[in-house]
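**Q** predicted coordinates and the sequence they were generated for:
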Amino acid sequence: MKLVSIGECMVELSGAGADLWRSGFAGDTLNTAWYARALLPADWTVDYLTAIGNDPLSERMLRFIAGAGIGTGGIRRHPSRVPGLYMIELQDGERSFTYWRDNSAARTLADDPAWLKGALADADVIYVSGITIGILDDAGRANLWAALSGARAKGRQVVFDPNLRPRLWPDGDAMCRATTETARLADIVLPSHDDEAQWFGDASVEATAERYLALGASEVLVKNGGAEMVLAEGGTIRRLPAMERVKPVDTTGAGDSFNGGYLAARLTGAPAEQAVRRGHEIAMQVVGHPGALMPMADLA
Ligand SMILES: O=C(O)C(=O)C[C@H](O)[C@H](O)COP(=O)(O)O
């Protein structure tokens with residue numbers, strides 16, 4: 001079985017104290033692939049699909065991804081562009097980001113429809129986020145949508161985290177329209193209520209789930225910043241009890257790692273509520289570490 005995650009990996013700068021910065025690699029879809037890889041059994045392949053450059057930093061990124069046991073066959077090269085970069089600012093452990101990514105190589109990942117189709121040909125599960133669609137131009141986004149719809153027609157599963165990032169869009173309307181279009185192609189949707197409420201005006205956590213169900217998803221798990229989540233699955237919508245919270249060192253990657261844990265459990269047959277607990281256990285460990293990715297070997 002094969003999971004292919006599509007998106008942008010950037011150079012990540014996170015705080016190391018005083019004026020020192022620690023450099024790593026991260027990006028929402030890579031983060032989810034990372035935790036899914038750590039948790040899925042060996043008969044699952046996890047690949048990352050993106051575009052990088054021909055520069056030394058791109059080489060290090062490629063080695064980093066491959067070194068984690070994530071397949072790099074779906075990584076294409078752009079002749080002149082280089083990777084994007086982001087910096088994590090922390091206030092009481094809560095993250096905010098500054099980005100340098102406007103011209104990154106990853107923005108070209110869906111430029112060639114034939115290549116894209118080939119790279120997804122043997123994927124059983126495809127994972128994309130709102131950031132994946134937000135970095136593409138109109139043509140790239142149309143190529144990606146066509147590839148997702150082709151995969152779905154062949155019975156493959158599409159998983160989508162809307163991960164709303166208004167800075168990637170000309171305006172809120174464009175973001176909401178593209179998010180809705182992508183959700184129409186998804187089987188499983190993993191939104192975060194606070195962002196969705198802000199941009200779609202959802203009055204409750206249940207309303208977020210209902211909106212995505214109405215677009216055709218068969219499973220929606222609405223994350224809620226550690227408070228009660230809502231799970232829509234098997235024809236029912238239920239509120240799950242709030243889970244234990246920890247004081248974070250750095251919340252970067254909480255949602256992405258949750259998704260990795262949730263998916264690894266779901267894809268290997270765990271009931272959805274058990275998968276939610278798995279996702280939460282992983283996210284609680286990740287927020288105790290600086291940056292989005294914690295070492296696979298340290299995951300309990
Ligand atoms: O913002 C982006 O474009 C990134 O991909 C950088 C970060 O690694 C993720 O955004 C972290 O995501 P959270 O799980 O929501 O903290």
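**A** Perfect, I can see it now. Numbers count the residues shown, from 1 in each chain.

**Q** can you give me the helices for the stretch 51-200 of the chain?
**A** Chain-ordered helices for the stretch 51-200 of the chain, with DSSP state H, counting those that start in this stretch as the definition, fall at 56-67, 113-119, 130-134, 138-153, 172-183, 193-200.

**Q** need the residues of the chain near the ligand, please.
**A** The interface of the chain toward the ligand, taken as CB under 6 Å from any ligand atom, is made up of 26-28, 31, 86, 97, 131, 165, 251-256, 292. The way it works is simple: take the backbone N, C-alpha and C, and place the C-beta from them, glycine included.

**Q** mind doing that once more with 8 Å?
**A** On the criterion CB under 8 Å from any ligand atom, the ligand has as its neighbours in the chain the residues 7-8, 10, 12, 26-31, 86, 95, 97, 99, 101, 129, 131, 163, 165, 168, 192, 251-258, 292.

**Q** residue of the stretch 51-200 of the chain closest to the ligand, please.
**A** Taking CB to the nearest ligand atom as the measure, the stretch 51-200 of the chain has Ile131 as its residue closest to the ligand, at 4.6 Å.

**Q** burial count for that residue?
**A** Here the count is done by other CB atoms under 10 Å, and Ile131 has 21 residues near it.

**Q** need the pLDDT of it.
**A** What the model reports for Ile131 is a pLDDT of 98.

**Q** who touches it in this structure?
**A** Residues in contact with Ile131, defined by CB atoms under 8 Å, 6 or more residues apart in numbering, are 7-8, 27-29, 163, 165, 168.

**Q** most packed of the helices of the stretch 51-200 of the chain?
**A** Using mean count of other CB atoms under 10 Å, the stretch among the helices of the stretch 51-200 of the chain with the greatest mean number of neighbours is helix 130-134 (a mean of 24).

**Q** rewinding a little: tabulate the helices of the stretch 51-200 of the chain in a markdown table, adding columns for distance to Ile282.
**A** Conversion of these to a markdown table gives the following (distance: least, CB to CB, whole Å):
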| stretch | distance to Ile282 |
| --- | --- |
| helix 56-67 | 19 |
| helix 113-119 | 27 |
| helix 130-134 | 20 |
| helix 138-153 | 26 |
| helix 172-183 | 24 |
| helix 193-200 | 19 |
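
**Q** ok, the nearest residue to Met294 once chain neighbours are set aside - how many residues close by?
**A** On the basis of CB to CB, 6 or more residues apart in numbering, the spatially nearest residue to Met294 that is not a chain neighbour turns out to be Val286, at 5.5 Å. Neighbourhood size, Val286 [other CB under 10 Å]: 29.

**Q** what's the spacing between Val286 and Ile135?
**A** For Val286, the distance to Ile135 under the criterion CB to CB, to the nearest Å works out to 23 Å.

**Q** starting at the chain centroid, how far to stretch 179-198?
**A** Using CA atoms, centre = their mean, to the nearest Å, the mean C-alpha position of stretch 179-198 is found 12 Å from that of the whole chain.

**Q** same question, stretch 227-240
**A** Offset of stretch 227-240 from its chain centre (CA atoms, centre = their mean): 21 Å.

**Q** just the terminal-to-terminal distance for it.
**A** Across stretch 227-240, the straight-line distance between its terminal residues is 9 Å, by CA to CA, to the nearest Å.

**Q** what packs against the helix or strand hosting Asn31?
**A** Asn31 belongs to helix 28-39 when elements are defined using DSSP states H and E. Applying 3 or more CB pairs under 8 Å, 6 or more residues apart in numbering; DSSP states H and E, one finds that helix 28-39 contacts strand 2-6, strand 45-52, strand 125-129, helix 130-134, helix 254-267, helix 272-286.

**Q** for the ones you listed, which one sits closest to Glu59?
**A** Across the helices and strands packed on helix 28-39, Glu59 has its closest neighbour in strand 45-52 (8.4 Å, CB to CB).

**Q** and the contacts of that closest one?
**A** Judged by CB under 8 Å, 6+ apart, the contacts made with strand 45-52 from elsewhere in the structure are 1-9, 29-30, 33, 36-37, 40, 58, 61-62, 65, 69-78, 81, 83, 105-109, 111, 119-120, 123.
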